[in-house]
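Colleague: Output the structure for:
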Amino acid sequence: MRDGQAPMVRMESIVKRRGQADSGFELRVPELRVDTGEVVALIGESGCGKSTLLDLIALILAPTSAVQFRLHLAGEGAGQDLAALWARGDEGALAALRREALGYIPQTGGLLSFLSVRENIRLPCRIKGVSLADRELETLAKRLGVAECLDRKPHALSIGQRQRVAILRAIAHGPRLLLADEPTAALDKPRARAVLADMNALACQQHLAVVVVTHDLDLLAEHVDRAYTFDLERLSESETRSTCRALDDAKRVIA
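Modeller: Sure, this is the predicted structure:
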């Protein structure tokens with residue numbers, strides 16, 4: 001917790017169960033927190049549940065059960081009881097939180113090929129109903145090194161430029177929580193380090209909280225404040241359980 005503030009995201013005793021009648025996967029999250037201004041990594045092999053956990057935080061998936069699941073934004077007092085919103089099926093309130101508070105970077109970047117970079121960046125602002133002045137857009141683009149790309153289409157960009165544009169689009173509408181699913185998967189090491197450095201700087205400069213899903217430990221030592229990993233347990237041929245746990249000293253363990 002920083003400066004006496006409540007964590008932006010607080011999860012306690014969360015369970016998410018997925019699967020069919022003849023097979024199942026259960027994710028357990030005993031405790032997780034994300035503070036404002038920090039980068040949190042979800043680390044693990046394919047199939048361990050890290051993307052499921054990201055989708056829980058992104059309010060895409062409902063928890064099967066939850067003792068505590070809260071989102072605390074600045075000036076909100078006790079914050080939002082997300083477990084209660086899911087329990088009573090308040091989709092309107094959940095949709096408003098997704099729109100207002102969250103920015104999401106899918107693994108593929110998710111840019112629309114028929115829109116220019118400028119139009120892609122403005123799209124979440126239009127959905128949220130806020131304006132983004134050209135000067136502000138250009139300042140953000142310059143900060144991320146894509147100012148010269150604003151009037152191009154995504155196909156005319158390098159892979160690294162497309163990923164930076166995806167980051168810019170995700171923050172343009174002013175979210176407080178930035179979520180990224182394997183944002184460096186398609187990048188070489190130098191570009192991947194640059195993208196993570198960008199997200200780290202944005203967390204500090206814009207007082208965001210950032211959650212990054214990754215399987216690449218080598219990239220995180222310089223840019224992560226907290227990390228969680230997953231212990232997989234095969235209960236039977238058709239049942240798997242994954243338990244999320246914190247790495248006590250993320251920088252030391254990763255390094």
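Colleague: Determine the longest helix present in the chain.
Modeller: helix 189-205 (DSSP state H).
Colleague: Show me what counts as buried in it.
Modeller: Neighbour counts using 16 or more other CB atoms under 10 Å place R191, A192, R193, A194, V195, L196, D198, M199, N200, L202, A203 of helix 189-205 among the buried residues. Every C-beta, even on glycine, is put in place using the N, C-alpha and C of the backbone.
Colleague: now the residues you listed in TSV, with distance to C125 and pLDDT?
Modeller: Shown next, in TSV, are these (distance: CB to CB, whole Å; pLDDT from 0 to 100):
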residue	distance to C125	pLDDT
R191	27	74
A192	28	77
R193	29	79
A194	25	77
V195	22	76
L196	25	79
D198	20	78
M199	20	78
N200	24	80
L202	17	76
A203	21	78
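Colleague: right, and out of those, which lies closest to G174?
Modeller: The shortest approach to G174 among the buried residues of helix 189-205 belongs to L202, at 11.9 Å (CB to CB).
Colleague: Helices along this structure, start to end?
Modeller: With DSSP H, the ranges of helices along the chain come out as 50-57, 82-87, 91-101, 117-128, 134-143, 159-171, 189-205, 250-254.
Colleague: And the buried residues of helix 189-205, which is closest to D55?
Modeller: Taking the buried residues of helix 189-205 together and measuring to D55 by CB to CB, the closest member is M199, at 19.0 Å.
Colleague: who wins for proximity to R18 among the helices of the chain?
Modeller: Between these, helix 50-57 lies closest to R18; by CB to CB that is 6.9 Å.
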